[in-house]
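Enquirer: okay, here's the prediction I keep looking at, along with the sequence it came from:
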Amino acid sequence: MTAHVLVRALFGLLPVLSFLGALLYLDSYKLVKLRAVVAVVAYGAVVAGASYAMNARIFDLVEIEFTIFSRYVAPVTEELLKGLLIVALIRAHRIGFLVDAAIFGFAVGTGFAMVENLYYLHLFPDARIGTWIVRGFGTAIMHGGATAIFAVIGLAMLDRARGAHWHAYLPGLVFAAVLHSAFNHFFLSPMLSTLGIILVLPPLLHAVFARSEKAVGNWLGKGFDVDTEMLELINSGRLSDSPIGTYLHALKDKFQGTVVADLLCYLRLYTELALRAKGVLMMRESGFEVPVDEATKEKFAEMRYLEASIGKTGLMAIQPMLHMSHKDLWQLYMLGK
């Protein structure tokens, strides 16, 4: 690799990688592990290849000018393919807060942009430095930022809907595709469009991080108190006098006594692990990495056994007593992974 090609490669790759590194650094609760980010970046790289093949096929079918295609069709297909992993991660409870949504979203776009810029470098190794400034600081950051915005809006809409509704992802997809399309239009000039991306996206993501950090702190405080109260009720033997005890008593008419006993054990284990997960987050925020001990792993094994014993109907019946939002399910995934 000659020196001038290396310089162009650095302009094309370093800005988006540095931005992703900055997002990881700003994550004070360490919600996202580096190995998970690397895997998501790899997915973005695969999506770049898949979208190239898909766009080529669609372009052959629709028979429109390339400029029109790049402005109105490619942004939709590319943002849709990039966003599929974000949807899968949210549904698998591996994204719980706006912080990790933004990081994972930007990571997908990073992988996509890296492959796209490397391919562009292969095709046009002698392109001017100005072109690579646009591609590195503009196109690449746009790819990461658009998918990060999709992830953040999607998660926020799910919070408002309080349920896994597919239409909750549509506003984020539309916003990401419009941002992508607007950048591809170069209304003023490529350099000014790049400047606009640099001026808008970093402050926007910083605001997301600040809001999410505050939300995590509030959730930890309130959730810790609720879980502690629940565990004290169970361990003190006063659960039967509480509304939860009344609810469990009502379940005796619908389930066998052994199943109700398993439901109570599951409730205790879930609460203990939820408290443990919140404690781990608090330690991480203070700079300490807490490993998952054998006792915690055994509790997860017991939970899986109880889930099989209780069955889907029993788990649905106990959900009103648990904090089954995506944040609460995410915390158990975080602790058990």
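Expert: Perfect, thanks for sending it.

Enquirer: list the residues that contact residue 20.
Expert: 37, 41, 103, 106-107, 110, 144 (C-beta atoms under 8 Å, 6 or more residues apart in numbering). C-beta here means a position set from N, CA and C on the backbone, and glycine is covered the same way.

Enquirer: quick one, helices of the protein?
Expert: 3-26, 34-62, 66-72, 74-91, 98-123, 129-133, 140-161, 170-185, 190-236, 243-251, 257-285, 294-318, 326-336 (DSSP state H).

Enquirer: tell me the centre residue of the protein?
Expert: Residue closest to the average C-alpha location in the chain (C-alpha atoms, centre = their mean): residue 101, at 3.1 Å.

Enquirer: who are the neighbours in contact with that residue?
Expert: Shown in contact with residue 101 (C-beta under 8 Å, 6+ apart): 86, 90, 95, 148, 151-152, 154-155.

Enquirer: identify the farthest-apart pair in these.
Expert: 90 and 148 (13.5 Å; C-beta to C-beta).

Enquirer: with neighbour numbers in mind, choose between those two.
Expert: residue 148 (31 against 23; other C-beta atoms under 10 Å).

Enquirer: neighbours around the nearest residue to the more buried one once chain neighbours are set aside, how many?
Expert: Leaving aside its sequence neighbours, residue 148 sits nearest to residue 105 (C-beta to C-beta, 6 or more residues apart in numbering; 3.6 Å). By other C-beta under 10 Å, 34 other residues sit near residue 105.

Enquirer: residue 105 touches residue 86, doesn't it?
Expert: Yes. Counting by C-beta atoms under 8 Å, residue 105 touches residue 86, with 5.7 Å between them.

Enquirer: what sits in contact with each of the two?
Expert: 147, 150-151.

Enquirer: got CSV for those residues, with pLDDT and distance to residue 199 too?
Expert: As requested, these are arranged in CSV below (pLDDT from 0 to 100; distance: C-beta to C-beta, whole Å):
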residue, pLDDT, distance to residue 199
147, 96, 19
150, 96, 20
151, 95, 21
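
Enquirer: and these, which are buried?
Expert: Among the shared contacts of residue 105 and residue 86, those buried by neighbour count (16 or more other C-beta atoms under 10 Å) are 147, 150-151.
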